[in-house]
Every structure is written in structure tokens, then in C-alpha cells.
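Student: Compute the structure for the input listed below.
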Amino acid sequence: MRIAPHVISQEVLLGETVLMDVETLVYYGLDPLGTTIWQVLQRCSDADEAFERVRESEKLDPQTLKKIFSGVLRGLEASRIIELEPHAG
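Tutor: Take a look at the predicted model:
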């Protein structure tokens, strides 16, 4: 997994974040949990590792968190904010 080089982010009020693709000028908004996920993604190159780090910091049921986490990843990938690369092997 990698963050596209053409993306900038800015944390805004109440823990929310705005991401912008500077090539297309498309904005993507993240709520506070999405912001936490984004912050972890910036420090991890592996989605599974990122999920584990978010799981350690959030007090949500793991299945619920996995659905939210997966939805955020799919949205970021669909918006070209991140690129998910399949596992080798």
C-alpha cells in the first residue's frame, strides 16, 4: 500500500481531515475515525499492520472496526488517494 504522491492533507476542526488530489483538485473528507486511520496509514506500508495499530487505539468491536477500516481504504483507493498493492506470493 502506498499514498499517492499527488495528495495533500490538512487536519481541520474537531479531528476531521481534508485530503486533496492536486492533479484532479478532488477533495475527500475524513471524520475523526477516518483521520486516525489516515494518520496510521501515513506511517505504515501494509494495510494489515495499519489495521492492527488502529485496533489498538480504538475501543470499537473488531468486526465493526474492520468494516469501517475496509470502507475507508476502498474509498481512498477509489479516489486515487492510496494504491493498494496485492501481497507478494
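Student: Counting by contacts, list what the helix or strand Val72 falls within packs against.
Tutor: Using DSSP states H and E, Val72 sits in helix 62-78. If you count contacts as 3 or more C-beta pairs under 8 Å, 6 or more residues apart in numbering; DSSP states H and E, helix 62-78 packs onto strand 26-30, helix 32-41, helix 47-57, strand 82-83. All C-beta atoms are positioned from the backbone trio N, CA, C, and that covers glycine.
Student: ok, 7 Å please
Tutor: Judged by 3 or more C-beta pairs under 7 Å, 6 or more residues apart in numbering; DSSP states H and E, helix 62-78 is in contact with helix 32-41, helix 47-57.
Student: Now find how far off-centre it is within its chain.
Tutor: 8 Å (C-alpha atoms, centre = their mean, to the nearest Å).
Student: Could you do stretch 31-49 as well?
Tutor: What separates the centre of stretch 31-49 from the centre of its chain is 5 Å, taken as C-alpha atoms, centre = their mean.
Student: can you pull the buried residues of it?
Tutor: Across stretch 31-49, burial judged by 16 or more other C-beta atoms under 10 Å covers 33-41, 47.
Student: Kindly indicate which of the residues you listed lies nearest Asp61.
Tutor: Ranked by distance to Asp61 (C-beta to C-beta), the buried residues of stretch 31-49 are led by Leu33 at 13.1 Å.
Student: wait, doesn't the closest one sit right on Ile68?
Tutor: Yes: using C-beta atoms under 7 Å, Leu33 is in contact with Ile68, at 6.3 Å.
Student: Stretch 30-46: end-to-end distance?
Tutor: Stretch 30-46 has an end-to-end distance of 20 Å (C-alpha to C-alpha, to the nearest Å).
Student: re the thing from before, looking at the helices and strands packed on helix 62-78, which is closest to Asp21?
Tutor: Closest among these, using C-beta to C-beta: helix 32-41, at 14.0 Å.
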